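> missing the sequence, but the structure's below:
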């Protein structure tokens, strides 16, 4: 993992978004663990991580887990349990107790300027337009992905060639939804300063790559045997 070009760049960059992405990763994996064994401690930890992520950077910490898990549960034909998970009263209470006080204090202190600056400008407007001249095309992340994975870029093509086999693994399926959603969503953003978020999807893609290599190596060993 540490030999890939992009991960080396990320590790040496001083980017505040790393904290946000840590909370997103924690929330996403704890939600997956909750899906597997229905243990409420994972669900409550996910709500706590989402709350801290919301304090760190705002609603993106809510949006990513919400959308990705919705797609995952929809594909699994299990939306009833998704709604129970999302609206779990203890989980919602944990989120509100942790995240809401700061937003209330900021609104009291700044009024509508807080709503306009934090929510509208730095979230909605940043997605809709290049407010800091970081514009690009929807194809921006394709060369970024291919170059960033050096020297292991060729394995990306192997994953797509064997996609029907590897998606039988539930974790791989979950990771694919998660990574592809991030790729599509941030590619549609006009302000490509949002690359800070997508760069930390490298860790997820590397996990996906390692999972694929595990299956590939086992296939070779079984074939040899």
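Yes, it's here. It should be emphasised that the depicted structure is a prediction, and the values quoted were computed from it without experimental measurement. Numbers count the residues shown, from 1 in each chain.
> could you give the mean pLDDT of stretch 82-102?
The average pLDDT within stretch 82-102 is 95.
> Tell me which residues of that stretch come out buried.
For stretch 82-102, the buried set under the neighbour-count rule, 16 or more other CB atoms under 10 Å, comprises 82, 85, 86, 88, 91, 94, 95, 98, 99. Yep, even glycine has a C-beta here, placed from its N, CA and C like the rest.
> wait, doesn't the fourth one sit right on residue 43?
Yes - the criterion here is CB atoms under 8 Å, and residue 88 meets it with residue 43 at 6.0 Å.
> between the buried residues of stretch 82-102, which is nearest residue 75?
Using CB to CB, residue 82 is the member of the buried residues of stretch 82-102 that lies nearest residue 75, at 10.9 Å.
> just to revisit the earlier point, just the ones of the buried residues of stretch 82-102 in helices?
Of the buried residues of stretch 82-102, the ones assigned to helices by DSSP state H are 82, 85, 86, 91, 94, 95, 98, 99.
> okay but residue 71 is in contact with residue 177, surely?
Yes - with contact defined as CB under 8 Å, residue 71 reaches residue 177; the gap is 5.3 Å.
> what do those two both touch?
Listed as contacting both residue 71 and residue 177 by CB atoms under 8 Å, 6 or more residues apart in numbering is no residue at all.
> Between these two, which has more neighbouring residues?
residue 177 (19 against 16; other CB atoms under 10 Å).
> Show me what the helix or strand containing that one is packed against.
Element membership of residue 177 [criterion: DSSP states H and E] is helix 170-187. Counting contacts by 3 or more CB pairs under 8 Å, 6 or more residues apart in numbering; DSSP states H and E, helix 170-187 packs against helix 17-37, helix 60-75, helix 141-148, helix 195-199, helix 201-224.
> can you pull the buried residues of that helix?
Of the residues in helix 170-187, those buried (16+ other CB under 10 Å) are 172, 174-179, 181-183, 185-187.
> of those, closest to residue 143?
Set against residue 143, the nearest of those by CB to CB is residue 187 (11.9 Å).
> show me where pLDDT drops low in the protein?
Scanning the chain for pLDDT under 70 picks out the ranges 1-16, 114, 117-142, 144-146, 148-149, 151-167, 189-225.
> which ones are touching the closest residue to residue 70 other than its chain neighbours?
Excluding the flanking residues, the one nearest residue 70 by CB to CB, 6 or more residues apart in numbering is residue 82, at 6.1 Å. Neighbour list for residue 82: 69, 70, 73, 74 [criterion: CB under 8 Å, 6+ apart].
> And the buried ones among the residues you listed, selectable in PyMOL?
To isolate the buried ones among those in PyMOL, judged by 16+ other CB under 10 Å, type:
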select buried, resi 69+73
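> so which of the contacts of residue 82 comes closest to residue 150?
Looking across those and measuring by CB to CB, the closest to residue 150 is residue 69, at 31.7 Å.
> Test my guess that the closest one contacts residue 81.
No - Residue 69 is beyond contact range of residue 81, at 10.3 Å (criterion: CB under 8 Å).
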